[in-house]
Each structure stands twice: as structure tokens, then as C-alpha cells.
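J.: sequence and predicted structure below; questions after.
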Amino acid sequence: MPEDDGAPASAEFSDGPAHPVTPAEADEFDRAKQQGTELESSPADPSPELSSKLEEQIPGIRFLASLLKATIFTDLFVYHAHMRYVYPTEQERVDALIEAHPKFYKLCRNSDYIARAVLAVVTTGLVAAAAGGTIMRLFFL
């Protein structure tokens, strides 16, 4: 049997805050909740200077990079989440739609992966065809 040291048993496993919440912190949280904004920002891209150097050196690389980063079908999923749910944050809306329609979510995510793979294959094919044509003209014609 556990010994009773006089402390309440629920204090050890309480879900309460580690320190008392000040009125200023509570007001900030309430404002953020009403505005639907997050209290912390995401970390910045770790290597923006590397991508900007490549974009300056190779023409058209910015367009290709934007196509490879595009998430057309996932954006469609997020659009439907905004249309169907009225939660204060975007993440809550998306989570609710994922819970309601997990197959639609998987279809959208997989469609984005397939679109990126097709774009990579087509780009590689075009580069290979251009290189092959140049080699044929230089050496065999």
C-alpha cells in the first residue's frame, strides 16, 4: 500500500499548468484563439541562399521548383475543409475533415505524389531528349 505523505494524490498527475497563468498570458491566448492565429511561428527555411543561387544560374529553375512544390490536390482538400467546418484554426478544420473522410485525404496526398513523379519523369525525358538530339547533331550529322 502506498504511504500517505499528506499531499493530494491528484497533484502529482495533474493536467494543470506548471506555473500560474497571468492575466496577460490569458488575454494573449484569448486574442490568438479568436483571431485563429498560432502563438508560435514555424522555423525559417534552413538554406534559402542555396536555392536562390541555383535559381539565378539556371533559367527556368524557379518555375520548375514551384511546380515540384505545388500541392494541387492537398490544396483542394484544405479548400473543402474550409468550406465544411467552422473551427477557429485551419489545422482543426483539416483534422476534422481527415477524420470524416480519411480515404479522400489519402487520395489527395497520393495524387500529389503521383503528379510530382510524372513531372519529374517528363522533365528528365525532355532533358534527355534535348541532350540526345544535341549529341546526334554534333557527332553523327
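T.: Thanks, I have the structure now.
J.: hey, let's count contacts and neighbours off CA atoms from now on
T.: Fine.
J.: what about the one helix or strand residue 66 maps to, average pLDDT?
T.: Assigned by DSSP states H and E, residue 66 belongs to helix 61-69. Helix 61-69 comes out with an average pLDDT of 83.
J.: buried ones in the next helix or strand after it?
T.: Next helix or strand after helix 61-69 toward the C-terminus (DSSP H and E): helix 72-84. By neighbour count on 16 or more other C-alpha atoms under 10 Å, the buried set for helix 72-84 is 73-74, 77-78, 81-82.
J.: how distant is helix 72-84 from the center of its chain?
T.: In terms of C-alpha atoms, centre = their mean, to the nearest Å, the centre of helix 72-84 is found 13 Å from the chain centre.
J.: I'd like to know which elements it is packed against.
T.: When contacts are defined as 3 or more C-alpha pairs under 8 Å, 6 or more residues apart in numbering; DSSP states H and E, helix 72-84 sits against helix 90-100, helix 102-139.
J.: now do the contacts for residue 33.
T.: When contacts are counted by C-alpha atoms under 8 Å, 6 or more residues apart in numbering, residue 33 touches residue 88.
J.: what's the first-to-last distance across stretch 65-76?
T.: Start-to-end span of stretch 65-76 (C-alpha to C-alpha, to the nearest Å) is 20 Å.
J.: distance to residue 63 and mean pLDDT added to the helices and strands packed on helix 72-84, as JSON lines?
T.: Shown next, in JSON lines, are the helices and strands packed on helix 72-84 (distance: least, C-alpha to C-alpha, whole Å; pLDDT from 0 to 100):
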{"stretch": "helix 90-100", "distance to residue 63": "28", "mean pLDDT": "94"}
{"stretch": "helix 102-139", "distance to residue 63": "12", "mean pLDDT": "93"}
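J.: redo those as JSON lines? Include mean neighbour count.
T.: Shown next, in JSON lines, are those (neighbours: other C-alpha atoms under 10 Å):
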{"stretch": "helix 90-100", "mean neighbour count": "16"}
{"stretch": "helix 102-139", "mean neighbour count": "13"}
